[in-house]
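Engineer: Build me a model from this:
(one chain, ligands or ions: 3)
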Amino acid sequence: DTPISRFQNYLRINTAHPNPNYTSPITYLINFANSIPNLHSKVLHLTPTIPLLLLTWPGTSTPSLPSILFNSHLDSVPAEPEKWTHPPFSAHKTSDGRIFARGAQDDKCIGMQYLEAIKTIQSKDPDFKPLRNVHILYVPEEEVGGFDGMGKFVETKEFKELNVGFVMDEGQASTNDEFRVFYADRTPWHMVIKAVGTPGHGSRLYDNTAMENLMKSIEVITKFRESKFDIVKAGLAANSEVISVNPVFLKAGIPSPTGFVMNMQPSEAEAGFDIRMPPTADPQLMRKIIEEQWAPAWRNMTYEITEKGFLRDNMGCPLMTLTSDSNPWWSVFNEAVTRAGGKLSKPEILASTTDARFMRRLGIPTFGFSPMKNTPILLHDHNEFLKDTVYLEGIKVYESIIKSLSSFEGSYEHRCNAVSQQ
Ligand code: MET
Ligand SMILES: [Zn+2]
Ligand SMILES: [Zn+2]
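Structural biologist: Ligands and ions are numbered 1, 2, ... in the order given. As a prediction, the model looks like this:
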């Protein structure tokens, strides 16, 4: 029973979509939490079948000081086992210490590191008491948008009663010797474009086929994608600072028992795209581009956009947490990482999306951080792994972070952060 074996056992619980098991990890976490003094647990049901786990280490100056909250999600994306060198839910450890599992980086590492850090703080320094309530939250459904998880939780009375003043959520691995920290996420839009057109014999050349209409749109979208990617390649912006648009599915053709009918031009065709918008992007302009250029009605195109987030907070400000001295949480966090022997690289916008957006939307300062350095970025990839030494160092970093943040006596009033900090 060591921190590494406990991490491996957590990784062995299959919480991958489309049928994540939420009860087993919650039971596992409650059992572990019960072995740590002063940690209280509460299971909440936001829908009849989807639970959420909240652990609390009570502070001595509560309720005068707002609480701090450390979040991680229980679920993970699916894995294709036949494409992995070790089964994705075996948590196999190689002789050089790499632990292979779906979720090893995203984000079961932080979920267990928070608890290991609290356990270590209490055993090393039994007199230490947090001033603020420290909440450790385990949410479901993050990988499908978080709407039945964090999205519902922030609407509850329970959440309001927590009086959360500062949040830490997941980040991403860094390939160098510095830890990465994220002050914003990009917002996902899922876009499906559909073309209709004239059907006919596969041998005929004529205008206005559904395939031609769709392919013209794909060409226009590909040019837009290239123009953004060129800015990134020229070193003028990070990947996460531009709008990205990537095709994720193509659907067309008339099915036959052996595949598709080959001599008919179909009357319908569609394509799906993952669009990610940085917080300062102009959503009105994006909608106009989609309507006029990507799916114009005059080319027999229609479209659907599902916005999986929001670009502005309740005050109308872009969803970004300040990383300057005017946000004391930033200074406390930064110093805590330094005290643990770590160094932060320049704060970034996260290219992907996390539940942090539900917190930032309420004006709660939130940083994305997963202490993994000198580690390849393998979230959502085959052969996701984390090295044991990296995992253990992460626990030390959280010891420092949890001690410092929970002892912070100052206050912070959310202000509009209108400009990108890059
Ligand atoms: C669709 S909301 C975000 C889900 C996931 N974390 C991602 O970035 O893709
Ligand atoms: Zn994640
Ligand atoms: Zn993920």
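
Engineer: tell me the helices in this protein, going along the chain?
Structural biologist: Per DSSP state H, the chain carries helices over the ranges 3-11, 23-34, 108-124, 150-153, 157-162, 210-233, 283-289, 328-339, 356-361, 388-407.

Engineer: most tightly surrounded among the ones you listed?
Structural biologist: helix 356-361 (a mean of 25; mean count of other CB atoms under 10 Å). (Each C-beta comes from the backbone N, C-alpha and C, glycine too.)

Engineer: Quick check: which helices or strands does it pack against?
Structural biologist: Applying 3 or more CB pairs under 8 Å, 6 or more residues apart in numbering; DSSP states H and E, one finds that helix 356-361 contacts strand 67-73, helix 150-153, strand 164-169, strand 182-185, strand 366-368.

Engineer: of these, which approaches residue 391 most closely?
Structural biologist: Residue 391 lies closest to strand 67-73 among the helices and strands packed on helix 356-361, at 13.8 Å (CB to CB).

Engineer: and that closest one, how far from the chain's centre?
Structural biologist: 13 Å (CA atoms, centre = their mean, to the nearest Å).

Engineer: And the contacts of it?
Structural biologist: For strand 67-73, the external contacting residues (CB atoms under 8 Å, 6 or more residues apart in numbering) are 59, 107-108, 110-111, 114, 132-143, 146, 149-150, 162-170, 355-356, 359, 402, 405-406.

Engineer: Kindly report the residues of the stretch 251-400 of the chain close to ligand 1.
Structural biologist: With CB under 6 Å from any ligand atom as the criterion, the stretch 251-400 of the chain meets ligand 1 at residues 308, 352, 353, 354.

Engineer: Can you check the pLDDT for the spatially closest residue to the first one that is not a sequence neighbour?
Structural biologist: Residue nearest to residue 308 in three dimensions, not counting chain neighbours: residue 188, with 4.2 Å by CB to CB, 6 or more residues apart in numbering. For residue 188, the model assigns a pLDDT of 96.

Engineer: wait, residue 188 sits on residue 274?
Structural biologist: Yes - contact status for residue 188 versus residue 274: in contact at 6.6 Å, counting by CB atoms under 8 Å.

Engineer: which of these two has more neighbours?
Structural biologist: residue 188 (19 against 16; other CB atoms under 10 Å).

Engineer: So that one versus residue 305, what's the distance?
Structural biologist: Distance, residue 188 to residue 305, by CB to CB, to the nearest Å: 11 Å.

Engineer: ditto for residue 58
Structural biologist: On the measure of CB to CB, residue 58 and residue 305 end up 44 Å apart.

Engineer: Of the two, give the one with the bigger neighbour count.
Structural biologist: residue 305 (18 against 15).

Engineer: Let me see the contact set for that one.
Structural biologist: Going by CB under 8 Å, 6+ apart, the list of residues near residue 305 reads 189, 190, 191, 287, 290.

Engineer: Okay, and the beta partners of it?
Structural biologist: residue 191 (DSSP bridges).

Engineer: Need phi/psi at the residue nearest the centre of the chain.
Structural biologist: The centroid of the chain falls nearest to residue 354 when counting by CA atoms, centre = their mean (2.8 Å). Main-chain torsions, residue 354, degrees, to the nearest 10: phi -130, psi 180.

Engineer: My guess is it contacts residue 172. True?
Structural biologist: No - using CB under 8 Å, residue 354 is not in contact with residue 172, being 9.7 Å away.

Engineer: so what's in contact with these two at the same time?
Structural biologist: residue 368.

Engineer: Now residue 318: closest residue in space, sequence neighbours ignored.
Structural biologist: Closest to residue 318 by CB to CB, 6+ apart is residue 279, at 3.9 Å.

Engineer: now residue 98
Structural biologist: Excluding the flanking residues, the one nearest residue 98 by CB to CB, 6+ apart is residue 385, at 4.4 Å.

Engineer: Can you give me the neighbour number for that neighbour?
Structural biologist: 23.

Engineer: dump the residue contacts of it.
Structural biologist: 98, 99, 100, 101, 104, 105, 378.

Engineer: With residue 199 instead?
Structural biologist: Taking CB under 8 Å, 6+ apart, one finds 209, 210, 264, 265, 266, 267 in contact with residue 199.

Engineer: now do residue 311
Structural biologist: 187, 277, 279, 281, 283, 318, 319.

Engineer: mind listing which of the residues you listed are in strands?
Structural biologist: 187, 277 (DSSP state E).

Engineer: Pretty sure residue 372 sits against residue 174.
Structural biologist: Yes - between residue 372 and residue 174 there is a contact under CB under 8 Å: 6.9 Å.

Engineer: So these two - more neighbours on which side?
Structural biologist: residue 372 (26 against 21).

Engineer: what's the nearest residue to the more buried one if we skip its chain neighbours?
Structural biologist: Per CB to CB, 6+ apart, closest to residue 372 is residue 173, 4.0 Å.

Engineer: okay, now residue 50: neighbour count?
Structural biologist: Residue 50: 18 neighbours (other CB under 10 Å).

Engineer: picking that back up, now flag whichever of the contacts of residue 311 is closest to ligand 2.
Structural biologist: Checking those against ligand 2 with CB to the ion, the nearest one is residue 187 at 15.5 Å.

Engineer: who does the closest one bridge with?
Structural biologist: Under the criterion used (DSSP bridges), residue 187 bridges to residue 277.

Engineer: Pull up the gap between it and residue 115, please.
Structural biologist: Residue 187 is 31 Å from residue 115, by CB to CB.

Engineer: any idea how far the residue nearest to residue 142 when sequence neighbours are not counted lies from residue 357?
Structural biologist: Counting by CB to CB, 6+ apart, residue 73 is the residue found nearest to residue 142 once chain neighbours are left out, at 3.4 Å. Remark: distance between residue 73 and residue 357 (CB to CB) = 13 Å.
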